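Novice: fold the following and give me the result.
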Amino acid sequence: MKYRMHGANPDKLYSKLGIEMPERVIDFSTNTNVLEFNLEMDFDFNKIVSTYPDDECLELKSTLASIESCREGEIIVCSGTNEFIYMLASIHAGGRAVLLQPLYSEYEKALKGYGVEILDIFSAEDIFALEDVDLLFICNPNNPTGSFMDVGEIRDIAAYCKGKNIKVVFDEAYSFFLEDECHTTDLIKEFDNIYIMKSLTKIFNLSGIRIGYVLTDEKNAAELEVIHPTWSVNSIAQKLAVQYLDCEKYIMNTRDYYKNERKRFIGKIRKHGFEVLDTKVNFFLIKVDNDDEIIEKLMKKGIVTRHTKNFKTLEGGYIRVAVKSKEDNDYFMEILSQISLTNI
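Specialist: Numbering: from 1, shown residues only. Just a heads-up that it's a prediction; the model follows:
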């Protein structure tokens, strides 16, 4: 595959494709929050980088427990949720896992690395026929489609899988961008076979420091903490997460912004004759006939989108586009409108 596995790092994509990188590049391949957050760090930077991090993340766990209305023992803090994916794969080495496709490609990479047999399914209905598997991975909201299962569907899946002794991972990395809050935390009190993954890097635009957490039954958390690398979550990530989480208004403003701008942006694209799949979050899929051509034409104009060649069922038939600032979205629309539909 000539493209990179994930979005982000546009300079590397330009280099890989041999395209000269314009002076101004807007990265629509990353789905982080565009709203500014003017935070003054209330800690001594020199002191914090010269001492070891809290290996138990106690202050952050206390903050999260209050927000999520759960116990600290039901929380695993990770250096980004990718760390958790690899930890979980490691304790199921040699087992069997099911992926509800399409979804984030890092699961497959982690599972293969630990010799886990992978089975793909393509409909939520297929879940209710599963037998003899250890793990089920579900992106909800889905990455890359932006679709979303409601709490009732999630509860039904958790209940069926509990009866079949299947652990279920619900990846909620983008739940903060939903128009309405996603109330799934209470499910960990009902079901001891689920993990709910949450990312703080997307909502707070903290991708450079890697921070996320997982909600699960205390026994599951204790099992994973045994293999959790000591000091994996750095001090700056912990401190910033505590400060950012204290600003509920910012999260509310984020929901409002994306609710309105998503509708406006997608509406303009559809008016130009493009098919855009419905979405509940801060990114969406545009159907294309020639993804290579449109991706490269956009890149030459300083617009980077996310290919879908490594998403099963999509396989290059779409490009994924993030909702950015109004100014950047209008520029995207201006350039896209210059590209003839017959050429994509």
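
Novice: domain assignment for this protein?
Specialist: The record's domain parsing of the chain by automatic domain parsing lists 10-30+249-343, 45-246.

Novice: what does residue 93 show for phi and psi?
Specialist: Note on residue 93: its backbone torsions stand at phi -50, psi 130 [degrees, to the nearest 10].

Novice: leaving out chain neighbours, which residue sits closest to it?
Specialist: The shortest distance from residue 93 to any residue other than its chain neighbours is 4.1 Å, reached at residue 114 (C-beta to C-beta, 6 or more residues apart in numbering). (Glycine included, C-beta is placed from N, CA and C.)

Novice: in this structure that neighbour contacts residue 96, no?
Specialist: No. The pair residue 114 and residue 96 fails to qualify as a contact (C-beta atoms under 8 Å) at a distance of 11.9 Å.

Novice: tell me the contacts of the residue nearest to residue 93?
Specialist: Residues in contact with residue 114 (C-beta atoms under 8 Å, 6 or more residues apart in numbering) are 86, 89-90, 92-94.

Novice: quick one: which of the domains of the chain has the weakest pLDDT on average?
Specialist: Among the domains of the chain, domain 10-30+249-343 has the lowest mean pLDDT, at a mean of 92.

Novice: mind checking how far it is from the chain centre?
Specialist: When distances are taken as C-alpha atoms, centre = their mean, to the nearest Å, domain 10-30+249-343 is centred 17 Å away from the chain's centroid.

Novice: how many neighbours does residue 14 have?
Specialist: Each residue near residue 14 was counted by other C-beta atoms under 10 Å, and the total is 17.

Novice: check contacts around it.
Specialist: Each residue near residue 14 by C-beta under 8 Å, 6+ apart is listed here: 20-21, 25, 299.

Novice: check which helix or strand it maps to.
Specialist: Counting by DSSP states H and E, the element that carries residue 14 is helix 10-17.

Novice: and residue 318, backbone torsions?
Specialist: Phi and psi for residue 318, reported as degrees, to the nearest 10, are phi -140, psi 160.

Novice: for it, which non-adjacent residue is closest in space?
Specialist: Of all residues apart from its sequence neighbours, residue 285 sits closest to residue 318 (C-beta to C-beta, 6+ apart), at 4.1 Å.

Novice: do you know how far that neighbour is from residue 306?
Specialist: Separation of residue 285 from residue 306 (C-beta to C-beta, to the nearest Å) stands at 9 Å.

Novice: residue 190 too?
Specialist: Distance from residue 190 to residue 306, counting by C-beta to C-beta: 35 Å.

Novice: so between the two, which is more surrounded?
Specialist: A direct count of neighbours by other C-beta under 10 Å for residue 190 and residue 306 places residue 306 higher, at 26 against 12.

Novice: buried sites along the helix holding residue 14?
Specialist: Along helix 10-17, these residues count as buried under the neighbour rule (16 or more other C-beta atoms under 10 Å): 10, 13-14.

Novice: same thing with stretch 203-220?
Specialist: Applying 16+ other C-beta under 10 Å to stretch 203-220 flags 203-207, 209-217, 220 as buried.

Novice: next one: stretch 303-314
Specialist: For stretch 303-314, burial by neighbour count (16+ other C-beta under 10 Å) applies to 303-311, 314.

Novice: of these, which is the nearest to residue 333?
Specialist: Looking at the buried residues of stretch 303-314 and their distance to residue 333, the nearest is residue 303, at 10.3 Å (C-beta to C-beta).

Novice: now the spatially most central residue of the chain: how far from residue 128?
Specialist: Most central residue of the chain, judged by C-alpha distance to the mean C-alpha position with C-alpha atoms, centre = their mean, is residue 173 at 3.9 Å. Residue 173 sits 25 Å away from residue 128, going by C-beta to C-beta.

Novice: isn't the residue nearest to the centre of the chain right next to residue 200, touching?
Specialist: No. Applying C-beta under 8 Å, one finds residue 173 not in contact with residue 200, separated by 9.5 Å.

Novice: residues shared between the contacts of the two?
Specialist: Any residue near both residue 173 and residue 200 by C-beta under 8 Å, 6+ apart counts here, and that gives residue 212.

Novice: return the alpha-carbon coordinates of the top helix by length along the chain using PDB.
Specialist: In the chain, assigned by DSSP state H, the helix with the most residues is helix 248-271. The C-alpha coordinates for helix 248-271 follow below in PDB (Å, rounded to 0.1, in the frame of the first residue of the first chain):
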ATOM      1  CA  GLU A 248     -17.000  21.300  31.400                       C
ATOM      2  CA  LYS A 249     -17.900  24.400  29.400                       C
ATOM      3  CA  TYR A 250     -15.200  23.600  26.800                       C
ATOM      4  CA  ILE A 251     -16.700  20.200  26.200                       C
ATOM      5  CA  MET A 252     -20.200  21.700  25.900                       C
ATOM      6  CA  ASN A 253     -18.900  24.300  23.500                       C
ATOM      7  CA  THR A 254     -17.300  21.600  21.500                       C
ATOM      8  CA  ARG A 255     -20.600  19.700  21.100                       C
ATOM      9  CA  ASP A 256     -22.400  22.800  20.000                       C
ATOM     10  CA  TYR A 257     -19.700  23.800  17.500                       C
ATOM     11  CA  TYR A 258     -19.500  20.400  15.800                       C
ATOM     12  CA  LYS A 259     -23.300  20.000  15.800                       C
ATOM     13  CA  ASN A 260     -23.700  23.200  13.700                       C
ATOM     14  CA  GLU A 261     -20.500  23.200  11.700                       C
ATOM     15  CA  ARG A 262     -20.800  19.500  10.700                       C
ATOM     16  CA  LYS A 263     -24.300  20.200   9.300                       C
ATOM     17  CA  ARG A 264     -23.200  23.300   7.400                       C
ATOM     18  CA  PHE A 265     -20.000  21.800   6.000                       C
ATOM     19  CA  ILE A 266     -21.600  18.500   4.900                       C
ATOM     20  CA  GLY A 267     -24.600  20.400   3.400                       C
ATOM     21  CA  LYS A 268     -22.300  22.500   1.200                       C
ATOM     22  CA  ILE A 269     -20.400  19.400   0.000                       C
ATOM     23  CA  ARG A 270     -23.700  17.600  -0.900                       C
ATOM     24  CA  LYS A 271     -25.000  20.600  -2.800                       C
END
